[in-house]
Structures are given as structure tokens and as C-alpha cells.
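1. generate a structure from the sequence data that follows.
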Amino acid sequence: MSHIKGLLKGAKFNGRHSTVIPSAIPAVEAARDSPHVSKIALGLITPIRAAQEHLKFTSVSGGLKMQVRGTHAVQIFWLYTIRPDAVIAEITKKWDER
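-> As a prediction, the model looks like this:
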């Protein structure tokens, strides 16, 4: 698992661990840089068999649940926002540019 120095610093991050799967780094950076995201909570990492990377968003009370499937793991993130459509667009754009 990966940790880029400075990636998880700041008022937007909440959680007891600081591990982000490598595939999720562009999505987490986009969420961190979004003016519409007020808080990011890191979720569980679940190992999986090799698969294609992808993003999945689910609307929840107070924001979004973002699931990032990497090549060998899935990680859940909770994004607190009042503008979920704008956040999805920003993160998806950065994800597609990687």
C-alpha cells in the first residue's frame, strides 16, 4: 500500500489510518483539491483478485460514498459535500486524465 507524503494532511482528512491504495491517489487528490468537499474519511481496504481499475459513486446522507477499485484492492472513501454532482464530475475528470 502507498502513502504519498503530504497527500493526507489538512483539515479535510479524518480517520485513524493513512493508507491509500495506489489506484486511488488521483481520486483522493481531486477530492482534496475540490472546493465542494468539506471532509474526507478513509475507509476499509479489501484485497481482491486482479481486475480492471474503476470508480463508483453512491449518494449518501451528507455526501458521497466513493469506491475505488484498484488492480489488487478496493478502498472506500466517504466524501462530505453539499454538491455531489460537481464533486463526481471533478473526480471523474481527474481519474480519466491519469
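
2. which pLDDT value goes with the residue nearest to I45 when sequence neighbours are not counted?
-> In this structure, I45 finds its nearest non-sequential neighbour in Q75, 4.8 Å apart by CB to CB, 6 or more residues apart in numbering. For every residue, glycine as well, the C-beta is placed using N, CA and C. Per-residue pLDDT puts Q75 at 93.

3. the residue most distant from the middle of the chain, which is it?
-> Distance from the centre of the chain peaks at R49, with 20.2 Å (CA atoms, centre = their mean).

4. could you measure that one against G63, distance?
-> 30 Å (CB to CB, to the nearest Å).

5. to the chain's geometric centre, what's the distance from stretch 91-98?
-> Chain-centre distance of stretch 91-98: 12 Å, with CA atoms, centre = their mean, to the nearest Å.

6. got the buried residues for it?
-> By neighbour count on 16 or more other CB atoms under 10 Å, the buried set for stretch 91-98 is 91, 94-95.
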